[in-house]
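> I'd like to go over a predicted model; first the sequence, then the structure.
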Amino acid sequence: MFENTIENLSNSLIKNTQKIIQIPSVHSESDNPNEPFGKNVAKALDYMLKLGESLGFRTKNIDGYCGYIEFGEGKEMLGIIGHLDVVPEGDGWTYPPFSATIADNKIFGRGAIDDKGPVMASLYAMKTVMENCKVNKRVRLILGLNEERDWKCIEYYKKHEELPTVGFSPDADFPCIYAEKGIASSYLHMNYTPSLEEKIKIISIDCNNNAINVVPKYCKVTLQINPKELSVYDFTVFTQNLISENNYNIDIVQTSGSQDDNSQSNDIIVTLTSIGVQAHAAHPDLGVNAISPMIVLLNSIFQEYDCSIDIFDFFTRFIGTKYTGEDLDINFKDESGILTLNVGDFKLENSTIKIGINLRIPVHTELDLVEHTFKKFLSTYSTVSFETTRYQEPLYIPKDNYLIKTLCNIFNEETNSNCEPIAIGGGTFARAFNNCVCFGTNFPGNKDMCHQTDEFIQIENLILACKIYTKAIYELTK
């Protein structure tokens, strides 16, 4: 019933996926009340709403916080919840990250798989259903604009608009997701006020404004060395040996001069730069963390020269360059997997060193238990504190739930597969609504390119996802 329509719309689907990727919708600070997440994010919403209107849908811009595209009639509503904002582009791309270049039958670009390609596949699935049959519910594509940061967009939507009766979010994996881990962003804090006579001092820390839910690929720490107290040659040799012994991808550069008004003019400035590989914090093993080895290296340096920093010592002993709760001897694990962590933030602000950790917590583990465990480890470090700044409750729906079974069966029928529903460490807008789950768009066996350099979506998978979403909309609105 739908094949001819999807085939006729496929070129338009590809073209408009490229156009929405070409809008660099990264969050930026804004004083414009109509653009709360920045000019480019607003442009992305405007583009999608105008496209929706041109395709024959009803649309609404909800005060710049989000928007929706809708068709159908009825009291009940099927919600499809996606987002148009993207994480920063990063560097090292083969093609410019907002060029939406097509190569090797793939569309490359930031947001291609997270979440612009899936959103566009959903829109054209709605168009296909609208052109071919009458539905018994309204179908609403909800367009979030702040998913990659703190979900203010969806909070605003829930306060001002009708909630879906049932729904799915095309923002992770097929065949269907029945469990999403809890997500906590937590920080270690320590006051840092070194004396004027200190052999080594930290002047600045720069991680390129890395989002805490991204495996960082860059970390630069600037140190000031007092040559009256420490041989710069000895320091350089010692540090280089540590880097070589541990195979760290860290460069050391030293220059004369000072960046501290209180320092002596002959102090030496040394810069350490760590390079990693970017990935999504839900899959920290797919990246190479630039912050973790830097902190471990700094701990060795400051201990060697008798100016130990407690927060570095704690980090090295209990976290180090590892990624899982099992490595931390926390051993939290259930059907959704093990506790994982991503060291995503590292900064020196207002005489305070901060280390930000993004935790993905198994669905049956309470946040209080995780926090208690960290604080127990910290009990011997009176100068270091631990606090959780943001927490998202896990999502868990039994595998035999009607929605899970329906969506999983649709995927298996369309792909001639026999896949079971899965649990993930990522967090999607599905957890923001009742009776809502995540459904696609990454296919089983495919590498997850979300938040990674050279992010892409395969064109054949974009079209196949559109077919799957078409069937899902049809079945859920019968």
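Looks like it arrived, so ask away.

> only C-alpha atoms from now on, for both contacts and neighbour counts.
Noted.

> helices of this protein, start to end?
3-21, 39-54, 117-132, 152-160, 232-246, 291-304, 310-318, 367-377, 402-415, 459-476 (DSSP state H).

> my guess is E29 contacts F37, does it?
Yes: when contacts are counted by Cα atoms under 8 Å, E29 is listed as touching F37 (6.3 Å).

> contact partners for the spatially most central residue of the chain?
Residue closest to the mean C-alpha point of the chain, counted by Cα atoms, centre = their mean, is N213 at 4.2 Å. Counting by Cα atoms under 8 Å, 6 or more residues apart in numbering, N213 touches 280-282, 342, 344, 358.

> farthest-separated two in those?
Within the contacts of N213, two members stand farthest from each other by Cα to Cα: A282 and G344, at 11.5 Å.

> now N146: closest residue in space, sequence neighbours ignored.
Excluding its sequence neighbours, the residue lying closest to N146 (Cα to Cα, 6 or more residues apart in numbering) is C153, at 5.4 Å.

> distance of the one you found relative to H27?
12 Å (Cα to Cα, to the nearest Å).

> need the residues touching each of those two.
Joint contacts of C153 and H27 (Cα under 8 Å, 6+ apart) are N146.

> wait, E53 sits on T59?
Yes: contact criterion Cα under 8 Å: E53 and T59 qualify, at 6.5 Å.

> which of those two has more residues huddled nearby?
T59 (20 against 14; other Cα atoms under 10 Å).

> and that one, what does it touch?
Applying Cα under 8 Å, 6+ apart, the residues near T59 are 49, 52-53, 67-70.

> okay, and the beta partners of it?
I69 (DSSP bridges).

> related to what we said a few turns ago, of E29 and F37, who's got more company?
F37 (24 against 10).

> hang on, isn't the more buried one packed against K43?
No: here F37 does not reach K43: they are 10.5 Å apart, not a contact under Cα under 8 Å.

> from P362, how far out is I404?
Going from I404 to P362 by Cα to Cα gives 19 Å.

> my bad, E460
33 Å.

> quick one, which of the two is more surrounded?
Taking neighbours as other Cα under 10 Å, E460 and P362 compare with P362 leading, 26 against 12.

> residues contacting the nearest residue to the more buried one once chain neighbours are set aside?
Excluding the flanking residues, the one nearest P362 by Cα to Cα, 6+ apart is K181, at 5.1 Å. Residues in contact with K181 (Cα under 8 Å, 6+ apart) are 336, 360-363, 393-395, 423-427.

> can you count the residues close to the residue nearest to Q458 when sequence neighbours are not counted?
Among residues not flanking Q458 along the chain, K106 sits closest, at 4.3 Å (Cα to Cα, 6+ apart). The local packing of K106 (other Cα under 10 Å) involves 18 other residues.

> hang on, isn't K106 packed against D454?
No: K106 is beyond contact range of D454, at 10.6 Å (criterion: Cα under 8 Å).

> and the contacts of stretch 164-171?
76-82, 113-115, 118-119, 122, 428-430, 433-441.

> restricted to strands, list the residues you listed.
77-82, 436-438, 441 (DSSP state E).

> low-confidence bits of the protein, can you list those?
256-265, 323-330 (pLDDT under 70).

> mind listing what F411 touches?
174-175, 417, 468.

> who wins for most neighbours among these?
P175 (27 neighbours).

> leaving out chain neighbours, which residue sits closest to A432?
I154 is the one closest to A432 (Cα to Cα, 6+ apart), at 7.7 Å.

> burial check on the one you found, number of neighbours?
Counted with other Cα under 10 Å, I154 comes out at 24.

> tell me the contacts of it?
Here I154 is in contact with 65-66, 144, 146-147, 429, 432 (criterion: Cα under 8 Å, 6+ apart).

> domain-wise, how is this structure divided?
3-179+395-476, 183-392 (automatic domain parsing).

> pick the most buried one from the ones you listed.
domain 3-179+395-476 (a mean of 20; mean count of other Cα atoms under 10 Å).

> measure that domain end to end?
Using Cα to Cα, first and last residues of domain 3-179+395-476 are 19 Å apart.

> likewise for stretch 98-116?
12 Å.

> contact partners of it?
17-24, 82-87, 89, 95-97, 117-118, 170-172, 441-442, 449-451, 454-460.

> re the thing from before, out of the contacts of N213, which comes closest to A290?
Using Cα to Cα, the contacts of N213 come closest to A290 at G344, 9.1 Å.

> my read is that the closest one contacts V215, right?
Yes: in this structure, G344 is within contact of V215 by Cα under 8 Å, at 5.9 Å.

> joint contacts of those two?
The contact lists of G344 and V215 share A281, where a contact means Cα under 8 Å, 6+ apart.

> just to revisit the earlier point, hmm, which two among the contacts of I154 are most spread apart?
Most distant of the contacts of I154, by Cα to Cα, are Y65 and A432, 15.6 Å apart.

> so T340 makes contact with K333?
No: if you go by Cα under 8 Å, T340 and K333 don't touch, sitting 9.8 Å apart.

> before we move on, the earlier item: could the contacts of N213 be laid out in a markdown table, adding distance to Y192?
Output for the contacts of N213, formatted as a markdown table (distance: Cα to Cα, whole Å):
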| residue | distance to Y192 |
| --- | --- |
| H280 | 30 |
| A281 | 28 |
| A282 | 31 |
| N342 | 23 |
| G344 | 20 |
| N358 | 23 |
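
> apart from its neighbours in sequence, what residue is nearest G337?
P362 (6.1 Å).

> how close does the closest residue in space to D63 that isn't next to it in sequence sit to L143?
Spatial nearest neighbour of D63, chain neighbours left out: N34 (6.0 Å); criterion: Cα to Cα, 6+ apart. To L143, N34 is 15 Å away according to Cα to Cα.

> what's the answer for C408, then?
With Cα to Cα as the criterion, C408 and L143 are 24 Å apart.

> do the same with Q278
26 Å.

> equivalent analysis for E366, please.
Noted for E366: a distance of 31 Å to L143, by Cα to Cα.
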